[in-house]
Structures are given as C-alpha cells and as structure tokens.
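*Asks:* give me coordinates for this.
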Amino acid sequence: MKTLTSPKNNNHRGFTLVEMLVVIGIIAILAAMLLPGLTRAKARAVETSCVNNLHQIGVALTLYADDNSGRLPRAAELPSDSINSNRWPALTVALASQMGYSSTNQPGNSVFKCPSDKVGGTNFYYFKTQTLSYDWNEQANNDSITNPKYWGTRLDPNKAPVLSDFRNWHSGRAVDTNGFVGGQNFLFADGHVEKRSF
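*Replies:* Numbers count the residues shown, from 1 in each chain. Model prediction:
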C-alpha cells in the first residue's frame, strides 16, 4: 500500500502587502505624471478643431465673395439680440449655400459650433442661443473682402479679422471682462486663422 505524502514546498509565495503597496504607489505616480499631459493634449485637440472650423468658414466666405463681386455677406453679430435692428440673418443662414445645406436645416455637427463654447456649465451656449459660436465683425457687412473695416479702419485682408470666438475659450493667460481666461481664435479676411491672447 502506498502512503500519501504531502507535496513539497516549492518556495512559491505571493506578494507581501508592502510590495503590493509599492507597486500601487509607482502606478499612481506614473498616472499623476501622465494626466496633465493628456489634459493638455485634449485642450490642443479641441483648439485645433476650432481652428479647422474657422478655416472652413473662411473658405465659405471666399466662395461667397467670389459669387458676389468680392463682397462679404450681410450678417448679424448677435442674431437673437434686440439690437439687430436691421434684422440681418445669422452668418449660418448667409453662408448656407456655400456650406452645402439649406438655411433652415443646419447639421448638428456644424462648423459654426466651437467645441470650447461653454458658459456657466452650459455646453454650446452661444451656438444654442445665436446659431453659431463665433462673433461676426458687423463692420465687414457687404464690405470688400480685399480691405474690410475693423474698428472703423480699413485694413489689409491679412490684418482684418472677420470672425472670432465669442470668448477667450482657448489656452492662454489673458482674462477678459467676463472673467474668461485664455485666448481667442480669429479668422482674417485672407482666410488665415490665428490665436490671440489679450
């Protein structure tokens, strides 16, 4: 008859509590080092999306001017505001045919919606209230695309902003009068976009 013997101890042992805590601590330190980088990368991606939107609107403005003797469209700076006494349409309506949709059927993922448009916890605040997240330079209404007005002065197209973010939504250090910290993206009449912090 065979006798059963207990298996030999192969010196297999699990992690001790201290070893496991050290590993968890190292993972936490690595995560803490990576998270700010990921946050900055996300902010840059959102800012790049906004710049791309403005570039596309710039192409539409150029197409509009080509079809209208070199003139920019007439559009309201704040379409829903009572100061819009001329009842000019929103820029989204003025450029509808150049953007490839009807003036009453704007797609939800519109280029007129800045992904950083957030005020007081409301996402896409200006897009929802004004039909676009960008501020139109009303002085450029029906003006020449080659030297539009900005603050009452005629400027070269590479110096004349025609559209900008409503607020300082993007990274930067400036604080505007409403307490928004950051910079604004500007579309110029020549079609280039640049960010400015004030």
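
*Asks:* low-confidence stretches in the protein?
*Replies:* 1-12, 79-86, 102-109, 168-181, 198 (pLDDT under 70).

*Asks:* give me the buried positions along stretch 121-137.
*Replies:* Applying a neighbour-count criterion of 16 or more other Cβ atoms under 10 Å, one finds Phe124, Tyr125, Tyr126, Phe127, Gln130, Thr131, Leu132, Ser133, Tyr134, Asp135, Trp136, Asn137 buried in stretch 121-137. The C-beta positions use only the backbone N, C-alpha and C, and glycine is treated the same way.

*Asks:* same question, stretch 138-153
*Replies:* For stretch 138-153, burial by neighbour count (16+ other Cβ under 10 Å) applies to Glu138, Gln139, Ala140, Asn141, Asp143, Ser144, Ile145, Pro148, Lys149, Tyr150.

*Asks:* ditto for stretch 15-35
*Replies:* For stretch 15-35, burial by neighbour count (16+ other Cβ under 10 Å) applies to no residue.

*Asks:* same deal with stretch 42-51?
*Replies:* Val46, Glu47, Cys50, Val51.

*Asks:* could you work out the most separated pair of the residues you listed?
*Replies:* Val46 and Val51 (10.0 Å; Cβ to Cβ).

*Asks:* which of the buried residues of stretch 121-137 sit farthest apart?
*Replies:* The widest separation within the buried residues of stretch 121-137 (Cβ to Cβ) is 21.7 Å, between Phe124 and Asn137.

*Asks:* how about the spatially most central residue of the chain: what's its closest non-neighbour residue?
*Replies:* The centroid of the chain falls nearest to Cys50 when counting by Cα atoms, centre = their mean (3.3 Å). Excluding its sequence neighbours, the residue lying closest to Cys50 (Cβ to Cβ, 6 or more residues apart in numbering) is Cys114, at 4.7 Å.

*Asks:* surely the one you found and Thr48 touch.
*Replies:* No: contact status for Cys114 versus Thr48: not in contact, 11.6 Å apart, counting by Cβ atoms under 8 Å.

*Asks:* pull the CA atoms of stretch 135-143 into PDB?
*Replies:* Taking Å, rounded to 0.1, in the frame of the first residue of the first chain, the C-alpha atoms of stretch 135-143 are listed here in PDB:
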ATOM      1  CA  ASP A 135     -18.600  86.600 -33.300                       C
ATOM      2  CA  TRP A 136     -19.100  88.200 -36.800                       C
ATOM      3  CA  ASN A 137     -17.400  91.600 -37.500                       C
ATOM      4  CA  GLU A 138     -20.600  93.500 -38.400                       C
ATOM      5  CA  GLN A 139     -18.500  96.300 -39.900                       C
ATOM      6  CA  ALA A 140     -17.500  93.900 -42.600                       C
ATOM      7  CA  ASN A 141     -21.100  93.600 -43.800                       C
ATOM      8  CA  ASN A 142     -21.300  93.900 -47.600                       C
ATOM      9  CA  ASP A 143     -17.700  95.200 -47.500                       C
END
